[in-house]
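Trainee: Dropping a prediction and its sequence here:
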Amino acid sequence: MMGRMYKVDPRRGKLVILIVFLALGGLWLGGNWPRLVARLAKVDYLARGEVRSTLDLQGILIADEQVLVAPAAGRIQWLVPDGQRVRIGQTVARITTAGGIAAAINAPAAGLLSYTTDGLETVLRPASLPDMTKPALTGLKTVTVAGGQEVGAGQDVGRVTDNLDPVYIYVDPAQVPSGMLAQGKPWLLTWQGQELPAVVSFLRGPAGGLFLRLGRYPDQMVGARQVNFAAVTRTLSGYLVPQTALVARGGQTGLYLVQDGQAHWAGVQVSGYLQGVADLAEPLPDQAALYVVNPRWVRDGVPVS
């Protein structure tokens, strides 16, 4: 009688091999876990910093502007570049009539010359702010008169803006957080990478809007009626760390600090959060020079570097 033949299931063999490999891998991982954590852990120095939240806004510029008027019909020739400062009485352009007569255009005031007008120069004036409400820009038409262009007698050809006195920017209060809507409230604006301090000079409520006063500003800013800028709505400064670096333990917030090459949890107080960053209140724990940025797998006593 022939012996019984047995077949080996190849799937069982693969499963056994997989279990063996997993067991060996677990033993290896257990023995090397501290070294893996040490390699994966990222540390950084506690340092002071600043983070801001900003709000993009569009405003309407209000400045002391004087209009340049063509004294006669003819072809205009500018004698001063657009955007340059001029002194009072300086000849900035010349009109040559069809008969060959030259008529000068002199600056009525000192300031920045612009070849552009929009018809609001005599309307949006700082002197009118006490009674001004939301400026109406409906039908606003900006006209730029280039050199060599034909102009008519009495036509507005440019303007001179006083760049020494403060300028104002109208802002729609509906765009602004209520905490910033207060008479005399200081603001910090950023425009093309420059920081400009401002203050709420006039506040007319939701219907009338608010007017910011800028005592310092770049000359290039007064070249346009509508100004795009950002307002700093909140600032967090001090010892800043990513919120992901914080680890809760026993109802308290803390960090893994690095001391003698090892991670040790220490409780800290947080004074504020902004944009994924936490501001640590002082005083900080002693010897808190280095901390673990990504503490997910870190435990007390784990070597890190």
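Mentor: That came through, no problem.
Trainee: can we go C-alpha only for contacts and neighbour counts from here?
Mentor: Will do.
Trainee: Enumerate every residue touching residue 257.
Mentor: Taking CA atoms under 8 Å, 6 or more residues apart in numbering, we find residue 257 in contact with 263-266, 288-292.
Trainee: and those residues, which are buried?
Mentor: Among the contacts of residue 257, those scoring as buried are 263-266, 290-292 (criterion: 16 or more other CA atoms under 10 Å).
Trainee: Strands - which of these land there?
Mentor: Using DSSP state E, the subset of the buried ones among the contacts of residue 257 located in strands is 263-266, 290-292.
Trainee: number of nearby residues for the residue lying closest to residue 239 once chain neighbours are set aside?
Mentor: Excluding the flanking residues, the one nearest residue 239 by CA to CA, 6 or more residues apart in numbering is residue 48, at 4.4 Å. Residues near residue 48, counting by other CA atoms under 10 Å, number 12.
Trainee: Give the next helix or strand downstream of the top strand by length along the chain.
Mentor: With secondary structure taken from DSSP E, the chain has its longest strand at strand 226-242. Toward the C-terminus, strand 226-242 is succeeded by strand 247-249 as the next helix or strand (DSSP states H and E).
Trainee: Show me which parts of that next one are buried, residue by residue.
Mentor: residue 247.
Trainee: which is the next helix or strand following it?
Mentor: Immediately after strand 247-249, counting by DSSP H and E, sits strand 252-259.
Trainee: What angle do strand 226-242 and that following strand make with each other?
Mentor: Inter-element angle recorded for strand 252-259 and strand 226-242: 70 degrees (by axes from the mean of the first three to the mean of the last three CA atoms, to 10 degrees).
Trainee: buried ones in strand 252-259?
Mentor: 254-259.
Trainee: Please apply the same query to stretch 189-209.
Mentor: Quick answer for stretch 189-209 (16+ other CA under 10 Å): 189-190, 196-204, 208-209.
Trainee: again, but for stretch 158-177
Mentor: Buried residues in stretch 158-177, defined by neighbour count with 16+ other CA under 10 Å: 158-163, 167-173, 176.
Trainee: Also stretch 79-90?
Mentor: Result for stretch 79-90 [16+ other CA under 10 Å]: buried residues 82-83, 85-87, 90.
Trainee: quick one: which of these sit in helices?
Mentor: Using DSSP state H, no member of these falls within helices.
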